[in-house]
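S.K.: Could you look at this predicted model? Sequence included:
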Amino acid sequence: MSAAPGPPGPPDPRPLATDASQVRVVLRNRPFRRLWLTFGLSSLGDWLGLLATSLFAAGQVTGSTAKGLAFGGVVVARLLPTIVLGPLAGAFVDRFDRRLTMVVCDLVRFVLFASIPLVAVVGSAPVAVGWALVATFAIEVVGMFWNPAKEASVPNLVPREQLEAANQLSLIATYGATPLLAVAIGAGLNRLLLSLASDDPSRVLVDPNDAALYLNAVTFLVAAVVVFFIPEISTGEGRLRRSGPAGVPEPSLPSALIDGWKYAGRTPLVRGLVLGILGAFAAGGVVVGVGQFFARGLGGGDATFYLLFGALFVGLGAGMGLGPSLVRGLSRRRWFCASIGLSGLAVALLPLSVHIVVALPLTALAGAGAGMAYLAGTTLLGAEVPDAMRGRVFAFVQSTVRVVLLLSIAVSSLLVGIGGGRKISLGAFNLDLSAARGLLLLSGVLAIVASVFSFRAMDDKPGVPLFRDLWATLRGHSLPVPGDRSGDGLFLVFEGGEGAGKSTQASALAEWLAGRGFEVVRTREPGATPLGRQIRSLILDHSDDAPSARSEALLYAADRAHHVATVIRPALERGAIVVCDRYVDSSLAYQGAGRELAVEDVEWLSRWATASLVPDLVILLDVDPGVGLSRVERRGAADRLEAESVSFHERVRRGFLDRAAADPRRYLVLDAGASAGMLADRIKVRVAPMLKVHADVIPVVPEADDQPNVSTPTEAK
Ligand SMILES: Nc1ncnc2c1ncn2[C@@H]1O[C@H](COP(=O)(O)OP(=O)(O)O)[C@@H](O)[C@H]1O
Ligand SMILES: Cc1cn([C@H]2C[C@H](O)[C@@H](COP(=O)(O)OP(=O)(O)O)O2)c(=O)[nH]c1=O
């Protein structure tokens, strides 16, 4: 038996998000570039092969029924093997060297494709068609091994943070560029060869379809050679096992397969992904199955159908290409589920469209959701499924997707013919109550349900409401995950620009709370601990060797990590109230907005430093930088940050306000121009209800007779 796959661990906290710069970085990665070329070649071969073989088979026979049968036979021959052999191929891929698997597959496909026209030269028409079918079937079988090997090898070539960009590029190659290129090459060859033969068709040098098949065979040969020279791919399980300690028995194919299924079954991420993908593809299949009927219902013919189809693909491409820059830092698990929900919603709304003008954007939206879900799903599988399991999981997903797609296309195109239509007149428009519309609604709802279930299975931000998180993300930053807190202390933070009055208000609040009998820890950042004080002087003192923006961010994070670990968490665990002058938002505002570092990076760094400890309330004292700076001028020489330009402090102010706007329930924003007494009152009003729960634990002591009980790990300012 193989070592059983370990239990699914917690999600990797490192972000998977990508941006345009990652695409450039990935493109500079040589092994990936070469692999990408082979994706393109093989995918070109696939598309060209499908077109050429189908046309070839149809061209061998006469009569429309026979042509239809021959054409359909090729398509079926291509889809069938996935279903039967997919999972087995995945288990195989995980056991053997992925590079060699890919090379052998490409060589076999080279031979098979070249054999199709060659057999036709010597054999009769039935033999030629028969062989075309057999070869096609075999080519698809080979693809079953090649595909999971390819998918599983990408994560070995590119680092985690570039995985999404790498997937974007390979999806664009597979579904965007190469199908178009295949059509163009097919058509180009046709014209070229026919024009060379002038008007006498019998003088055609090589039949255009034969030529396409030969060309196609060559693409696989080239791909085989290129892959052979990418040794980095060979880090699959097979190779590790071979060079691993002697005496570790190799798992048999069936037991590897069973391990793979077990892993998929008990890993919430994989379960969620499979469920979501199946929901999306079922809906997609229905759209394809009923498309023509629906188009007719919209009052259009084939042209409308092609328009809808075009919109679906434009949406798909846009989702894959632009999605990541739209959602930026959003959790990829959440993005995946939300995309499927979006797709489902668009499909469910389609039946309500009375006109193509409404149907087109909805179709594009459905495509965009599907494209984003496909990209996020592939990236998640690559990033979070261990290398040893990846081939099996990819194969499992690929084959179930095909089954569902085939079934939903077949069933829906069958059903749609049965149900008759009824027209309802809505003023100028006629709404056609047809089976097509009913099926669309049903499949849209199905996809939404699937997205909800997969969300439940794989969400990595429990406790953070999805829609608020989405909204916050679209506006610049996703919401943090509240850290799990033991103890029932209260964590209150003051934020704001220089001279906003944070220290004044923090002291007032701390005294008021202590006066009511609470244990209060009044603290600040940076510099609340001995280590922190050293860091503080490194950052803020003027020196010839001022830290760069990134090292400044790291120093603040280092101070914060130590502060949280040694002061804040222990206090909260005791049940104390922590009143802190500045926290994470200062880094986001000063280093993010002010120094213009990527806010997501600073946010991630802070989350890591604090182990996701989030304040219960942030009191933001909003002050005009001019006013605030003039207040602190009286304090003496400005430190390094105070001495920054006014535009810097303006950006900082915006940074704070944006944070507060993204999560209003956790912020109290006050105009710091008000008098200190008024501000203190407003703060007490907001904090008091938070104490009620707290007061059950620590009795409230009458204000007058109590000695304030404030401990300060930092010296008074
Ligand atoms: N609401 C207020 N109105 C006017 N001046 C204030 C107010 N709050 C504080 N100050 C004064 O402004 C200066 C800076 O206040 P401080 O609390 O140290 O701000 P911060 O900690 O935000 O830098 C101090 O001299 C303080 O007395
Ligand atoms: C905590 C923190 C502070 N800072 C800056 C803001 C302040 O200019 C300086 C802290 O100095 P401090 O004297 O504590 O400022 P204030 O009296 O205004 O509260 O460090 C950051 O840039 N990033 C951070 O994460």
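M.R.: Arrived safely, thanks for sending. Ligands and ions are numbered 1, 2, ... in the order given.

S.K.: Let me see the domain layout of this structure.
M.R.: Following automatic domain parsing, the chain resolves into domains at 14-244, 265-479, 490-711.

S.K.: lowest-confidence stretch among those domains?
M.R.: Lowest mean pLDDT within the domains of the chain: domain 14-244, a mean of 77.

S.K.: just how off-centre is it within its chain?
M.R.: 26 Å (Cα atoms, centre = their mean, to the nearest Å).

S.K.: S412 and G284 touch, don't they?
M.R.: No - the pair S412 / G284 is not scored as a contact, 10.6 Å apart, by Cβ atoms under 8 Å. C-beta: built from backbone N, CA, C; applies to glycine.

S.K.: want to throw the domains of the chain into TSV with mean neighbour count and distance to D259?
M.R.: Shown next, in TSV, are the domains of the chain (neighbours: other Cβ atoms under 10 Å; distance: least, Cβ to Cβ, whole Å):
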stretch	mean neighbour count	distance to D259
domain 14-244	19	8
domain 265-479	21	8
domain 490-711	18	33
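
S.K.: Name the stretch from those domains that approaches ligand 2 most closely.
M.R.: Judged by Cβ to the nearest ligand atom, the one of those that comes nearest to ligand 2 is domain 490-711, at 3.0 Å.

S.K.: what about the closest one, near ligand 2?
M.R.: Yes - judged by Cβ under 6 Å from any ligand atom, domain 490-711 comes into contact with ligand 2 at 498, 502, 525-526, 540, 556, 581-582, 586-587, 590-591, 641-642.

S.K.: could you pull out the strands for this structure?
M.R.: Under the criterion DSSP state E, strands of the chain are mapped to 422-426, 429-433, 490-496, 520-524, 577-581, 617-622, 667-671, 710-711.

S.K.: May I see the residues of domain 490-711 next to ligand 2 arranged in TSV, with distance to L440 as well?
M.R.: Output for these, formatted as TSV (distance: Cβ to Cβ, whole Å):
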residue	distance to L440
E498	58
K502	56
E525	55
P526	57
L540	62
Y556	53
D581	57
R582	53
S586	51
S587	48
Y590	51
Q591	49
L641	57
E642	61
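
S.K.: Pick the one among those residues closest to V104.
M.R.: The nearest member of those to V104, counting by Cβ to Cβ, is Q591 at 51.6 Å.

S.K.: mind listing what's buried in stretch 256-265?
M.R.: For stretch 256-265, a neighbour-count test (16 or more other Cβ atoms under 10 Å) marks A256, L257, D259, G260, Y263, A264 as buried.

S.K.: so which of these comes closest to ligand 2?
M.R.: Proximity of those to ligand 2 (Cβ to the nearest ligand atom) peaks at Y263, which lies at 41.7 Å.

S.K.: residues contacting the residue of the stretch 401-550 of the chain found nearest ligand 1?
M.R.: Proximity of the stretch 401-550 of the chain to ligand 1 (Cβ to the nearest ligand atom) peaks at G501, 3.0 Å away. G501 is in contact with L621, V623, R631, A672, A676, L679, counting by Cβ atoms under 8 Å, 6 or more residues apart in numbering.

S.K.: Dump those residues to JSON lines, plus distance to L269.
M.R.: Output for the contacts of G501, formatted as JSON lines (distance: Cβ to Cβ, whole Å):
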{"residue": "L621", "distance to L269": "42"}
{"residue": "V623", "distance to L269": "45"}
{"residue": "R631", "distance to L269": "51"}
{"residue": "A672", "distance to L269": "45"}
{"residue": "A676", "distance to L269": "51"}
{"residue": "L679", "distance to L269": "47"}
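
S.K.: Those residues in helices, which ones?
M.R.: Counted as lying in helices by DSSP state H, out of the contacts of G501, are R631, A676, L679.

S.K.: so the first one makes contact with G499?
M.R.: Yes - counting by Cβ under 8 Å, R631 touches G499, with 3.5 Å between them.

S.K.: The residue nearest the centre of the chain and ligand 1: what is the separation?
M.R.: Central residue of the chain (Cα atoms, centre = their mean): A376, 3.1 Å from the mean position. In this view, A376 and ligand 1 are 42 Å apart by Cβ to the nearest ligand atom, to the nearest Å.

S.K.: Also S339?
M.R.: Noted for S339: a distance of 43 Å to ligand 1, by Cβ to the nearest ligand atom.

S.K.: who's in contact with that residue?
M.R.: Shown in contact with S339 (Cβ under 8 Å, 6+ apart): G319, G323, G369, A370, M372, A373, A376.

S.K.: right, and the third one touches A318 too?
M.R.: This means G369. No - taking contacts as Cβ under 8 Å, G369 lies outside contact range of A318: 10.6 Å.

S.K.: thinking again about what came up before, just so I know, which of the strands of the chain lies nearest S195?
M.R.: Distance to S195, taken as Cβ to Cβ, is lowest for strand 429-433 among those, at 45.9 Å.

S.K.: Identify the residues contacting V111.
M.R.: A217.

S.K.: Enumerate every residue touching the nearest residue to the residue nearest to the centre of the chain once chain neighbours are set aside.
M.R.: Nearest residue to A376 in three dimensions, chain neighbours excluded: F336, at 4.0 Å (Cβ to Cβ, 6 or more residues apart in numbering). By Cβ under 8 Å, 6+ apart, the contact set of F336 is G272, L273, G276, M372, A373, A376, G377, L380, S454, M458.
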